[in-house]
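Trainee: Make a model of this:
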Amino acid sequence: MKHIISAKNILLGSTGIAVLAALSGCQGAPQEESSAQEEGKNKFIVVEQLSSGKYVVVEEMPTTGPSRAIIKETDENGTIHERILTEAEMKELADQEYKKMEEGKSELNEEPKSEGMGLAGTILAAAGGALLGNMIGNALMNNKNVQRHNDMSNRSAYHQSKSGTGASSGSAKKSFFGNSASKSTGSSSSYGG
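Mentor: Purely as a prediction, here's the structure:
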């Protein structure tokens with residue numbers, strides 16, 4: 001049986017590949033846009049006080065409603081008390097901490113020494129962009145110390161999946177051909193070996 005290859009078949013095959021490549025490229029753009037837009041979304045966070053008196057984020061999620069936080073604090077008797085911070089209260093705390101940061105007086109200006117931060121720093125690191133606007137959110141995202149503090153004091157699964165600090169981020173991903181994505185391949189004298 002003869003295989004007939006014509007210019008028409010090659011053109012159709014090439015066009016099909018080009019269309020598929022263009023479509024697969026288009027599918028990546030909305031995901032990038034949505035993650036950028038997600039940074040500016042309002043947040044719902046649950047903040048828990050540690051025995052050291054510092055605070056960590058234990059739950060975080062984007063919300064369509066106003067930003068709000070539940071603060072879980074333990075008194076001297078070991079009783080846990082929960083209180084809700086409204087968006088206005090969160091903005092006030094975040095704004096105060098951002099002003100301290102600009103003056104160089106915030107713990108966010110320094111390298112993290114241990115897990116947790118003060119309440120205002122925790123709120124600013126977790127929801128600064130949603131509370132104070134995208135410009136401040138971008139400034140916070142570009143500040144390495146703020147990111148380190150946020151990574152150390154944000155235990156939420158949402159943050160870990162978003163920043164890639166979860167347990168699964170250490171495993172190498174496999175490509176279609178079975179190669180690890182993190183490996184670099186060199187030239188080899190054998191083919192397919």
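Trainee: Could you export the helix or strand hosting Asn145 as CSV, CA atoms only?
Mentor: For Asn145, the host element (DSSP states H and E) is helix 144-153. Only the C-alpha atoms of helix 144-153 are listed here, as CSV (Å, rounded to 0.1, in the frame of the first residue of the first chain):
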residue,chain,number,x,y,z
LYS,A,144,11.4,39.3,50.7
ASN,A,145,11.2,39.7,54.5
VAL,A,146,7.4,40.1,54.3
GLN,A,147,7.2,36.9,52.2
ARG,A,148,9.4,35.0,54.7
HIS,A,149,7.3,36.1,57.6
ASN,A,150,4.1,35.2,55.7
ASP,A,151,5.5,31.7,54.8
MET,A,152,6.5,31.1,58.4
SER,A,153,3.3,32.3,60.0
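Trainee: what mean pLDDT does that helix have?
Mentor: The pLDDT scores in helix 144-153 average 85.
Trainee: What helices and strands are in contact with it?
Mentor: strand 55-63, helix 119-132, helix 157-163 (3 or more C-beta pairs under 8 Å, 6 or more residues apart in numbering; DSSP states H and E). Placement of C-beta: from N, CA and C, glycine included.
Trainee: so where's this structure uncertain?
Mentor: Applying pLDDT under 70 to the chain flags residues 1-40, 162-193.
Trainee: Roughly how far does Glu89 sit from Arg68?
Mentor: If you measure Glu89 against Arg68 using C-beta to C-beta, to the nearest Å, the figure is 9 Å.
Trainee: swap in Ala88?
Mentor: Noted for Ala88: a distance of 10 Å to Arg68, by C-beta to C-beta.
Trainee: Now do the strands for the chain: every range, in order, please.
Mentor: Listed in chain order, the strands of the chain (DSSP state E) span 42-49, 55-63, 68-74, 80-85.
Trainee: Tell me what angle the third one forms with strand 80-85.
Mentor: Counting by axes from the mean of the first three to the mean of the last three C-alpha atoms, to 10 degrees, strand 68-74 lies at 160 degrees to strand 80-85.
Trainee: Make sure Lys54 is actually in contact with Met117.
Mentor: Yes - counting by C-beta atoms under 8 Å, Met117 is a contact partner of Lys54 at 5.9 Å.
Trainee: out of the two, which sits in the busier spot?
Mentor: Met117 (27 against 18; other C-beta atoms under 10 Å).
Trainee: residues in contact with that one?
Mentor: Lys54, Tyr55, Glu107, Leu108, Ala125, His149, Ser153 (C-beta atoms under 8 Å, 6 or more residues apart in numbering).
Trainee: tell me which residues in stretch 97-109 are buried?
Mentor: Judged by neighbour count using 16 or more other C-beta atoms under 10 Å, the buried positions of stretch 97-109 are Glu97, Tyr98, Lys100, Met101, Ser106, Glu107, Leu108.
Trainee: Tell me who's in contact with the fourth one.
Mentor: The reference is to Met101. Taking C-beta under 8 Å, 6+ apart as the criterion, Met101 is in contact with Leu108, Asn109, Leu124.
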